[in-house]
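>>> the following block contains a protein sequence and its predicted model.
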Amino acid sequence: MRKVQVKVNGRDFEHEVEPRTLLVHYLRETLNLTGTMVGCNTSNCGACTVLMDGESVKSCTMFAVQADGREITTVQGLAENGNWHPMQTAFHEQHGLQCGYCTPGMIIASISLLQENPDPSEEEIREGLEGNYCRCTGYENIIKAVQQAAGQTS
Amino acid sequence: MTEAPERYVGGGVPRKEDPALVTGRANWTDNIKLPGMLHMAVLRSPFAHAKITNLDVSAALEQPGVAAAFTAEDLADDWAGPMPCAWPVTEDIRMPDHWPLAKDEVNFMGDAVAVVIADDRYTAQDALEFIEVDYEPLGVVVDMEEALKEGSPLVHEDLESNESFVWPLEVGDVEGAFDQADVVVKERYIQQRLIPNAIEPRAVVAQPEPTNDGITLYTATQVPHIVRLMLSAGTGIPDQRVRVVAPDVGGGFGSKLNFYAEEILATNIARRLSVPIKWVEDRSENYMATIHGRDQIQDIELAATSEGRILGVRANIMADMGAYMQLVTPGIPILGAFMYCGVYQFGAYSFTCTGVFTNKTPTDAYRGAGRPEAAYAIERIVNSLARELNMDPAEVRRKNFYEPFDEPTTTPAGIQYDSLNLPIVLDRVLEMADYEGLREEQRRRREEGDPVQLGIGFSTYTEICGLAPSQVLASLRYGAPGWESATVRMFGSGKVEVVTGTSPHGQGHVTSWSQITADALGVTPDDVEVIHGDTATSPHGLDTYGSRSLPVGGVAVHLAANKVADKAKKIAAHMLEASEDDLEFEGGRFSVAGSPDQNVTIKDVASTAFWGTNVPEGMEPGLTADTFYDPPNFVFPFGAHICVVEVDTETGKTRVRDYFGVDDCGPVINPIIVDGQVHGGIAQGIAQALYEEAIYDEDGMLVTGSMVDYMIPGAPELPNYTLDRTVTPSPTNPMGVKGIGEAGTIGSPPAVINAVIDALEPFGVTHIDMPASPMRVWETIQAAKNGGDA
């Protein structure tokens, strides 16, 4: 077992984990943060995307111990005092989700995208989200949601 | 209660489902943790066909953390029968026994062989390595045509043939039509095998219920009610003791319209061990052990006059069942049987489908299920007719359209379309796309020898959906009725609870059913709660597939809500001491015509009905109504699509530059949701046309075994969608509504492929199969340049 110390959604945690425990399973099973999902196990679909020290990472292909000493934000840490992050609002208002299974990862990836490029073109948004699959929406409304969150549309 | 506007139906009411989903608080099956719960892992066959000569789980049982391990021999007493197939399409269909775990022989890569139960998922998965299995490989067949040849390896020796069934249909004088024809076009199309890829893998938690010796099964399914029926039949547990819950479900696309071995295994083992059992599929298991879609070979012939009038169509298809029949495997191609006539009126039609076993994952419903295949074939061959006659593809279509109608009209396949108006959707899409402008640009780019060529592709489609009429389904030997049920209850507070038998997994029923109910009862959608997906709270239902939810289930909600409104009106009349006939109901208020001061709100009525103090003599208190609705016909949404592609003739890469669609699904409940369904549907159609294919090698190994190898389009690969709608109400149901969940997937593949072929016309290309990958496009161009076929 290995010790992992990590701050997740603003709270400090310390656990003994099996070294091969995936970060996503640590979040889901140990911390009961079930907002982050597993979709593909091969880091293609992005359902498990979280922010680590502000950068988006795929938590299904990282070990929990690799997050030692880091700060993680999941979809469940985005709202502040019950107020949604603008990206969450934008996904809702633009109908950027249907079944919603990819949505937490998609929202996190979109937030990371705008952090790196606050005023992206449509093409840059599409390229920026290539690591996140959505099977329901055909992506157009996801693109619109990112544009809304970037202040490009209302 | 807030004053309600006249109508919510038709408005873009924001989805009530979203708050839980965007904040990560949804209730997926994989989130469920129950006291004492153990985890199941499944050992799967690495061979496509082999005898199991030795199977020993004892070493796995010795691993720390392992509680149990089971083989077919261990569990056979728990099975009341083999896994059910509910659609034996012919009387003499050949069907293999399909057990939850393989008994002596494995028949596809991924066939379940044994299970391990352990404290956690990692331990269970690790312990699989300690199960000893000896396989003796048997002959493998993966190709349908090979499978039908004399001397081919047999997937199931005891069936004595790989041919499962032949299902014929013939209407009119087909031979005469072909004899009379000036032109006959004959083509072969391949419907490649697809992997549905709901982003949520399947997951199951089985919880034994000691109080009644029953079971509660949480499962990521589209069809909790059907799973209850099947689980009861498969285990012998009486169905009133079987509770099936579909928690939040992350997409299905048909792949969760099924009853799977793991559902029965988890149930068996939970009862044996008296603890909850959880199983969650990983993606590679999903690729092997969840159903696949399509996989047909279509030979289609069309007879026409030299003016382009279609006289007759013959379709002979082979449909790959895979190694076993899943829930509705053989019926999928038959759903298409009636649709190879498309939107064209002619007199003679024949269809034959041969169902074939191969050593591959079973096929079953995938978005559109039989109808995308049919629409593709007719829309491809009509384009070929246009090419043959040197006619514009829009004009040859127009020449053969039905005159617009809005009463049921018999088709060449002998069914009745409910309503069609093709000229208006075609005109509108031509205008939206600036068709003349596109042809002008195409001419210019062809003349200039632009390496990137423009292609314009059409599809004018209709589809059969709203799977219902129970009698028709029974006559097709379908193993479930087609009605849908709803209960609407208005509480004393004036708030409303709606119970539906539909089981949404992304379609937004909670929002749409709230809109329907709000309009009927003069409340707001927020006043309405929709309950679904749990057979304990919604005992009657037939679930969500075949674009049936709105035209069957939504209509049931509408009818039940109207029953409640009718009863409320009687109570209101009693309260106002007025005649029911003199009452008007608007904005949630009953008032006496001509004296609007005399009024009561529906909330007052609900309170009165609850307290039971002032209801008419002989009337029961309460405001609640149940409905079972079984419509008289299917519904037939239709539309016209134009796909505009740019094909780089040097690299073979195709880019969808624009996609225009005009669809008619009758009156729309929520335009935001309908547009979303069309977007996603078109995206999955483009995915089939350009990107996706499940590939097996000759040994039956699934080569595309993960998302690394199977090309799911992401945001960069897909276009924006330019959409419009026309509204032709269906005469089938009182709301006039039609389904829209599959229309995009049905309409789009031929539009895309017709566009690719159109772009390559300067090279003399007349055919390409799906997926039109860069390699395939490039090879097709090279072959055409060399004067041969690809």
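That came through, no problem. Residues are numbered from 1 along each chain as shown, chains lettered A, B, ... in the order given.
>>> where does the residue of chain B found nearest chain A land on pLDDT?
Of chain B, the residue with the smallest distance to chain A, taken as Cβ to the nearest Cβ, is residue B:24 at 2.0 Å. In short, each C-beta sits where N, CA and C put it, glycine included. Per-residue pLDDT puts residue B:24 at 98.
>>> count residues in the vicinity of the closest residue to it other than its chain neighbours, would you?
Leaving aside its sequence neighbours, residue B:24 sits nearest to residue A:35 (Cβ to Cβ, 6 or more residues apart in numbering or on different chains; 2.0 Å). A count of nearby residues for residue A:35, using other Cβ atoms under 10 Å in any protein chain shown, gives 28.
>>> which residues are in contact with residue A:35?
A:74-76, A:104, B:23-26 (Cβ atoms under 8 Å, 6 or more residues apart in numbering or on different chains).
>>> mind redoing it with 7 Å?
Residue A:35 is in contact with A:74-76, A:104, B:24-25, counting by Cβ atoms under 7 Å, 6 or more residues apart in numbering or on different chains.
>>> nearest to residue B:403, of the residues you listed?
Using Cβ to Cβ, residue A:104 is the member of these that sits closest to residue B:403, with 50.5 Å.
>>> wait, the closest one sits on residue A:33?
No: using Cβ atoms under 7 Å, residue A:104 makes no contact with residue A:33, being 10.1 Å away.
>>> follow-up on the earlier one: does the residue of chain B closest to chain A really touch residue A:78, like I thought?
No: counting by Cβ under 7 Å, residue B:24 sits too far from residue A:78 to count as a contact (8.2 Å).
>>> please report phi then psi for the residue of chain B closest to chain A.
The phi and psi values for residue B:24, taken as degrees, to the nearest 10, are phi 80, psi 30.
>>> same deal with residue B:352?
Torsion angles, degrees, to the nearest 10, at residue B:352: phi -140, psi 130.
>>> ditto for residue B:311
The phi/psi pair for residue B:311 (degrees, to the nearest 10) is phi -110, psi -30.
>>> who are the contact partners of it?
So residue B:311 contacts B:177, B:180-181, B:303-305, B:346-348 (Cβ under 7 Å, 6+ apart).
>>> before we move on, the earlier item: run a quick neighbour tally on the residue of chain B closest to chain A.
25.
>>> ok, now residue B:68?
19.
>>> pretty sure it contacts residue B:273?
Yes: assessed by Cβ under 7 Å, residue B:68 is found in contact with residue B:273 at 6.3 Å.
>>> residues shared between the contacts of these two?
With Cβ under 7 Å, 6+ apart as the test, residue B:68 and residue B:273 both reach residue B:117.
>>> name the nearest residue to residue B:763, sequence neighbours excluded.
Nearest to residue B:763 is residue B:784, by Cβ to Cβ, 6+ apart, at 4.4 Å.
>>> and for residue B:294?
residue B:191 (4.3 Å).
>>> pretty sure that neighbour is in a strand, no?
Yes: residue state for residue B:191 (DSSP: H, G, I helix; E, B strand; the rest coil) corresponds to a strand.
>>> that one contacts residue B:374, doesn't it?
No: applying Cβ under 7 Å as the test, residue B:191 and residue B:374 come out as separate, 9.9 Å apart.
>>> between these two, who's got more neighbours?
Applying other Cβ under 10 Å to residue B:191 and residue B:374 shows that residue B:374 carries more neighbours, namely 31 against 27.
>>> can you say which of the contacts of residue A:35 are buried?
The neighbour-count criterion (16 or more other Cβ atoms under 10 Å in any protein chain shown) marks A:74-76, A:104, B:24 among the contacts of residue A:35 as buried.
>>> and for the helix or strand residue B:673 falls within, what's in contact with it?
According to DSSP states H and E, residue B:673 maps onto helix B:671-686. With Cβ under 7 Å, 6+ apart as the test, helix B:671-686 has contacts from A:95, A:98, A:136-138, A:140-141, B:12, B:367, B:372, B:508, B:511-512, B:656, B:659, B:661, B:663, B:665, B:668, B:713, B:718, B:721, B:723, B:740-745, B:747-749, B:752.
>>> taking the residues you listed one by one, which sit in helices?
Judged by DSSP state H, the subset of those located in helices is A:140-141, B:372, B:511-512, B:743-745, B:747-749, B:752.
>>> where does chain A have low pLDDT?
A:154 (pLDDT under 70).
>>> who touches the residue nearest in space to the middle of chain A in this structure?
By Cα atoms, centre = their mean, chain A has its centre lying nearest to residue A:108, at 3.1 Å. By Cβ under 7 Å, 6+ apart, the contact set of residue A:108 is A:49-51, A:56, A:75.
>>> buried set for stretch A:101-110?
Of the residues in stretch A:101-110, those buried (16+ other Cβ under 10 Å) are A:101-110.
>>> got the end-to-end distance for stretch B:216-227?
Taking Cα to Cα, to the nearest Å, the first and last residues of stretch B:216-227 lie 11 Å apart.
>>> and for it, what are the contacting residues?
Contacts of stretch B:216-227 (Cβ under 7 Å, 6+ apart): B:29, B:32, B:200, B:202-207, B:209, B:231, B:243-247, B:249, B:252, B:256-257, B:259, B:263, B:267, B:480, B:501, B:503, B:505, B:533, B:535, B:541-545.
>>> helices - which of the buried ones among the contacts of residue A:35 land there?
residue A:104.
>>> tell me the two of the buried ones among the contacts of residue A:35 that are most distant?
Taking Cβ to Cβ, no two of those sit farther apart than A:76 and A:104, at 8.1 Å.
>>> got any residues that touch both of these two?
With Cβ under 7 Å, 6+ apart, residue A:76 and residue A:104 have common neighbours A:35, B:24.
>>> look at residue B:97 and say how many residues are nearby.
Residue B:97, neighbours per other Cβ under 10 Å, totals 12.
>>> surely residue B:28 and residue B:280 touch.
No: using Cβ under 7 Å, residue B:28 makes no contact with residue B:280, being 9.6 Å away.
>>> touching both of these two, which residues are there?
By Cβ under 7 Å, 6+ apart, no residue touches both residue B:28 and residue B:280.
>>> quick one on the thing from earlier: and of the contacts of residue B:311, the nearest to residue B:652?
Distances from residue B:652 to the contacts of residue B:311, taken by Cβ to Cβ, are shortest for residue B:304, at 32.2 Å.
>>> can you tell me which residues contact that closest one?
Applying Cβ under 7 Å, 6+ apart, the residues contacting residue B:304 are B:181-183, B:310-311, B:385.
>>> domain map for chain B?
B:32-138+B:200-250+B:256-289, B:293-467+B:633-785, B:483-629 (automatic domain parsing).
>>> could you dump those to TSV with mean pLDDT?
Shown next, in TSV, are those (pLDDT from 0 to 100):
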stretch	mean pLDDT
domain B:32-138+B:200-250+B:256-289	97
domain B:293-467+B:633-785	97
domain B:483-629	97
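>>> tell me how chain A divides into domains.
A:2-76, A:86-149.
>>> looking at those, which is buried most?
Ranked by mean neighbour count under mean count of other Cβ atoms under 10 Å in any protein chain shown, the domains of chain A are led by domain A:86-149, which reaches a mean of 23.
>>> next one: that domain to chain centre, how far?
In terms of Cα atoms, centre = their mean, to the nearest Å, the gap separating the centre of domain A:86-149 from the centre of its chain is 11 Å.
>>> which stretches of chain A form strands?
Per DSSP state E, chain A carries strands over the ranges A:2-8, A:11-17, A:49-52, A:55-58, A:71-73.
>>> can you list these in JSON lines and add distance to chain B?
Listed next are the strands of chain A as JSON lines, based on distance: least, Cβ to the nearest Cβ, whole Å:
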{"stretch": "strand A:2-8", "distance to chain B": "12"}
{"stretch": "strand A:11-17", "distance to chain B": "11"}
{"stretch": "strand A:49-52", "distance to chain B": "10"}
{"stretch": "strand A:55-58", "distance to chain B": "12"}
{"stretch": "strand A:71-73", "distance to chain B": "11"}
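>>> so which of those strands gets nearest residue B:135?
Going by Cβ to Cβ, the one of the strands of chain A nearest residue B:135 is strand A:55-58, 35.2 Å.
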